[in-house]
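Colleague: Need coordinates for the following:
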Amino acid sequence: MKALIATVVWCILFVLCWPLALLALVVWPIAWLLALPFRLVGITFSALFALLQAILLLPARLLGWRPGHAAAAA
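Modeller: Purely as a prediction, here's the structure:
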């Protein structure tokens, strides 16, 4: 659905201002390549925090605590 909306918006931009639409067509892959390292760093930190949470909650999970179970009991 996002691709369809992006295509329609690009077609409207192409009709209204074709040089800007062509510039967007050239700049978009370059911007995506520049943003790629930041996305990889974000994925890495997300995995690191999930691992840290799993390590810190391991003793409680071994004793039988489950996420969401404490909220339902209260």
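
Colleague: Only C-alpha atoms from now on, for both contacts and neighbour counts.
Modeller: Noted.

Colleague: Report pLDDT for residue 5.
Modeller: Listed pLDDT for residue 5 reads 95.

Colleague: Report the secondary structure state of it.
Modeller: Following DSSP: H, G, I helix; E, B strand; the rest coil, the label given to residue 5 is helix.

Colleague: And the helices in this protein?
Modeller: For the chain, the helices defined by DSSP state H cover 2-16, 18-62, 69-73.

Colleague: what would those look like in CSV with mean neighbour count?
Modeller: Formatted as CSV, those follow (neighbours: other CA atoms under 10 Å):
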stretch, mean neighbour count
helix 2-16, 12
helix 18-62, 12
helix 69-73, 8
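
Colleague: Please tell me how far residue 68 sits from residue 60.
Modeller: Distance, residue 68 to residue 60, using CA to CA, to the nearest Å: 13 Å.

Colleague: Touching both of the two, which residues are there?
Modeller: Counting by CA atoms under 8 Å, 6 or more residues apart in numbering, residue 68 and residue 60 have no contacts in common.

Colleague: center of the chain, which residue is that?
Modeller: Residue closest to the mean C-alpha point of the chain, counted by CA atoms, centre = their mean, is residue 39 at 7.5 Å.

Colleague: Tell me the spacing between that residue and residue 15.
Modeller: From residue 39 to residue 15 the distance is 33 Å (CA to CA).
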